[in-house]
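> The following comprises the amino acid sequence and a computationally predicted model.
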Amino acid sequence: MTGRTETLDTAAVVRASLRGRRFNPAGVAFEATLLLMLLVSLLILVTLLADIVIGALPVFRDRGVDFVTSGISLDSSTAGVWTALLGSIGITLIVAVVAFPLGIGAAVYLEEYAPDNALTRFLQTNIRNLAGVPSIVYGLLGLAVFVRLVDLIGLGGPDTTAGRNVIAAGITLAVLVLPIIIITASEALRAVPDTIREAGFGVGATQWEVIRHHTLPAAAPGILTGTVLALARAFGETAPLLVIGVATGFFSAGSAGLFDRLTGTYTALPAVVLSWSRQADPVFKENLAPAAIVVLLVVLFVANGSAVILRNRYERRW
Amino acid sequence: MTELRPHFHDELAHLERDLVVMGEHAGRMLSDSVDALIASDVPQAKEIIAADDVVDDLFLEVHQRWLETMALQTPVAIDLRLMSVILHVNSHLERIADLAVTIAKITKKAKKLPHDPTISTDLREMGDIVGEMIRTVMEAFEARDLDRALALPEMDRPVNRLNRKMVRKVAGLASDPELLEWGVRMMVVSRTLERAGDNAVDIAEQLAFLLTGEFREFTDASHHD
Amino acid sequence: MGVAVESRDQALVESPIVFDVAGLNVHYGDFHAVKDVGIQIRRNEITALIGPSGCGKSTVLRCFNRMNDLIETARVSGSIRYHDVDLYGSDVDPVQVRRHIGMVFQKPNPFPKSIYDNVAFGPKIAGFDGDLDELVEQALTQAALWDEVKDKLNDSAYALSGGQQQRLCIARAIATSPDVVLMDEPASALDPIATLRIEDLMQGLKENYSIVIVTHNMQQAARVSDRTAFFTVDMEETGQRTGVLVEFDETSTIFTNPGEKRTEDYITGRFG
């Protein structure tokens, strides 16, 4: 009897407490503040983009694709980003060729082979620190080492360039993004569950076979995403290039062959933006520079977009 | 030590308590049946026959609970052996009560016949011993006392001896047909008491199995002299 | 009667010893995980290792295929003789060991590949040059999975249910024609029906393989195994907990009349 009465009481208590939604002013205020913060950030971004697009609009309207395919020029009516775009793409390709294998190799060693000791942890910590080093420092390193090295092995181009070319810039930026690639690849490898490695070892695979057939393929989407983002970073980087002598003024490269383009004087999209924004002719400053930024952004969006697509396509569940 | 299955072990204890109650009933029924027989007390004999229902109910209840426990708790080791023992002891006690009923029924039929005092004395002695055996083995069961269980065959020996001598004693009554009829009925009683004793010994064997994990018969019927 | 019944015990025929373990100790760094274990694993039998958490049963299992080598701090001492070869001898290649001793893990862990590739991987790296399709079919059939997957061999293994994935892992383990199959709580992540299928499968597998299974499910050990080893956790004088083998006997003996009080207390639920 007692038990039954208690049950009824409990039911009544529960029923009473379920009723009546209460207004929570602190919660609502907090939520509103957060929303406001988000809106402010968005507003700044949108303003910036709008400013650039409005400036760039006349250029694309008047000249269309001609702006993209024209070379560098002192005349604001014919100047285009073609030389700079080729320079940036060249640099980025060299970054990919250099940083991709180095970064993934280092990550595989750190995650799969290195013993878990003080030295390994020291290395990992410092790779993280390197990722935070200001990019200008890498520029100095590039000037001191890679420019001379490239010149020394005969890829320095004409004496006026002496190693301050796409190759040296590519290697420098490769070193700049290497920590990012190592970190993202390490994280992708770490995300591969140990149960998959155990399964590989369990059927009698060697360490190399486990990595080659299971760990790396499983980590590939994460590694690719990270690498593409790192390349995008290299694509937009300016400061180190300035240090290792990216051309910011006019130079003639109109008919140069591939080798000359790689070894000779070069420029890159961000450098052109900087250069144009300092020109006396207001057309350069107010229209051409924003237009170049639009080209830069489009390339970056395409790169990031492809990274997202890659990830979604190959992402696996364990 | 932490008891991880208190509910299950409570259930086992409950089953065992039911068996002890059954043992008390069955033992008393057997002793009473011999008293009633010798005193030709038909009303008491009828009470004994009625009391069998109590034991039968207990038997069914233990059996049902046993099945449920077995199905739900999957006992192992000592618990599994106890479950096996409970099932056997349950049957043995139910059997002993049935044997008491057999004797009580003979009381009614033997009432009007003349008695032989020597045979009556023997039966009384047998009844006393078997009653004591049932009490002893059930106490040993409760106390998990292996030594007392092992004493059962020794207690059973005089019962077997008196039973074997019964044929000759009854044959001595051949001169008087009425006395002979009584004697033949008493042979059945003697045989019944002997079987009750065997059931008590079987319970002791079960107890020994519970405590040692090894089953062996105390007396080997094929080699019995 | 003239019939002499010598013994009521249904003693197992003593089949040849596959693993002979003596004085096995395993340390992880300073932690003494397993102490002085001696046990024999016999051919075509299922040996179950049971005991409470931390008793070292999985550790012992992982010594049999040198899986402990993958843990840097693990140290194994004592003797494990596998077909009379010192398993931890300096000239023994752990990779070769694992080709002879397959393993099935606690959680189904198929490779993120097709069903076919999951089974074919082991034989491929072992240099199998026969008919791979036939081998895959054989392994899947032995693992009682063939009928369910024969029309979707190129589908991802992750499309299978948990129970199917675990049977795929069993197929993968037996595809390399091992001599022993180790199972580390193979059914602990499965539902009861899938569990019963795995248990039933094991009875068929022991015709061809010797099986060692770690399980925390005592009834499972009772149902599937021929011999059972009961491990428990001991407190050492230093206050450290270490795994010890309490009793190793035929499963029927362990579950009807164990020789050790500690075994009995554990399996009847009086363990503390």
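The structure has been received and is ready for your questions.

> How far away from the center of its chain is whatever helix or strand C:Val60 lives in?
Assigned by DSSP states H and E, C:Val60 belongs to helix C:57-64. How far helix C:57-64 lies from its chain's middle: 9 Å, per C-alpha atoms, centre = their mean, to the nearest Å.

> Contacts made by that helix with the rest, please.
Contacts to helix C:57-64, defined as C-beta atoms under 8 Å, 6 or more residues apart in numbering or on different chains, come from residues C:19, C:21, C:24, C:26, C:33-34, C:37, C:39, C:41, C:49-51, C:68, C:76, C:80, C:82, C:87, C:101, C:180, C:182, C:184-185, C:212, C:214, C:229, C:231, C:243. Quick note: C-beta positions are derived from backbone N, CA and C, even for glycine.

> List the ones among those residues that fall in strands.
C:19, C:21, C:24, C:26, C:33-34, C:37, C:39, C:41, C:49-50, C:76, C:80, C:82, C:101, C:180, C:182, C:184, C:212, C:214, C:229, C:231, C:243 (DSSP state E).

> So which bits of chain A are right by chain B?
By the rule C-beta under 8 Å from any C-beta of the partner chain, no part of chain A lies against chain B.

> which regions of chain A lie under the pLDDT threshold?
A:1-8, A:159, A:248-257, A:315-318 (pLDDT under 70).

> Can you report how many residues lie near residue 136?
I went with chain A, as the question did not name one. A:Ile136 has 13 neighbours, counted by other C-beta atoms under 10 Å in any protein chain shown.

> Chain B, not that one
20.

> same thing with A:Asp62?
11.

> Same question for B:Asp57.
11.

> list the contacts for C:Tyr88?
C:Tyr88 touches C:66, C:76, C:80, counting by C-beta under 8 Å, 6+ apart.

> tally of neighbours for the residue lying closest to C:Gln165 once chain neighbours are set aside?
Of all residues not flanking C:Gln165 in the chain, C:Pro108 sits nearest, at 3.6 Å (C-beta to C-beta, 6 or more residues apart in numbering or on different chains). C:Pro108 is flanked by 25 other residues according to other C-beta under 10 Å.

> Please apply the same query to C:Gln203.
Count around C:Gln203 with other C-beta under 10 Å applied: 12.

> try the one 4 residues further on
For C:Glu207, the number of neighbouring residues by other C-beta under 10 Å comes to 8.

> Sticking with it, tell me its helix or strand.
Short version, using DSSP H and E: C:Glu207 is in no helix or strand.

> Just give the number of residues close to the closest residue in space to it that isn't next to it in sequence.
Nearest non-adjacent residue to C:Glu207, counting by C-beta to C-beta, 6+ apart: C:Asn44, 6.7 Å away. Neighbours of C:Asn44 under the rule other C-beta under 10 Å: 16.

> residues contacting C:Asn44?
Contacts of C:Asn44 (C-beta under 8 Å, 6+ apart): C:15, C:206-210.

> So it, which state does it fall into?
coil (DSSP: H, G, I helix; E, B strand; the rest coil).

> for it, phi and psi?
The phi and psi values for C:Asn44, taken as degrees, to the nearest 10, are phi 60, psi 30.

> The helix or strand A:Ala220 falls within: how far from the chain's middle?
In this assignment (DSSP H and E), A:Ala220 forms part of helix A:216-236. Mean-position distance between helix A:216-236 and its chain equals 8 Å (C-alpha atoms, centre = their mean).

> And stretch B:186-196, by the same measure?
So, by C-alpha atoms, centre = their mean, the centroid of stretch B:186-196 is 12 Å from its chain's centroid.

> What residues of it count as buried?
B:186-190, B:192-196 (16 or more other C-beta atoms under 10 Å in any protein chain shown).

> circling back: and the contacts of C:Asn44, which of them are buried?
For these, buried by 16+ other C-beta under 10 Å: C:206, C:209-210.

> want to throw these into TSV with pLDDT?
Formatted as TSV, the buried ones among the contacts of C:Asn44 follow (pLDDT from 0 to 100):
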residue	pLDDT
C:Lys206	92
C:Tyr209	94
C:Ser210	96
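
> wait, which of the residues you listed is closest to chain B?
C:Lys206 (22.1 Å; C-beta to the nearest C-beta).

> hang on, isn't that closest one packed against C:Arg43?
No: the pair C:Lys206 / C:Arg43 is not scored as a contact, 9.4 Å apart, by C-beta atoms under 8 Å.

> What residue in the stretch 51-200 of chain A comes nearest to chain B?
For the stretch 51-200 of chain A, C-beta to the nearest C-beta, closest residue to chain B: A:Thr195, 30.7 Å.
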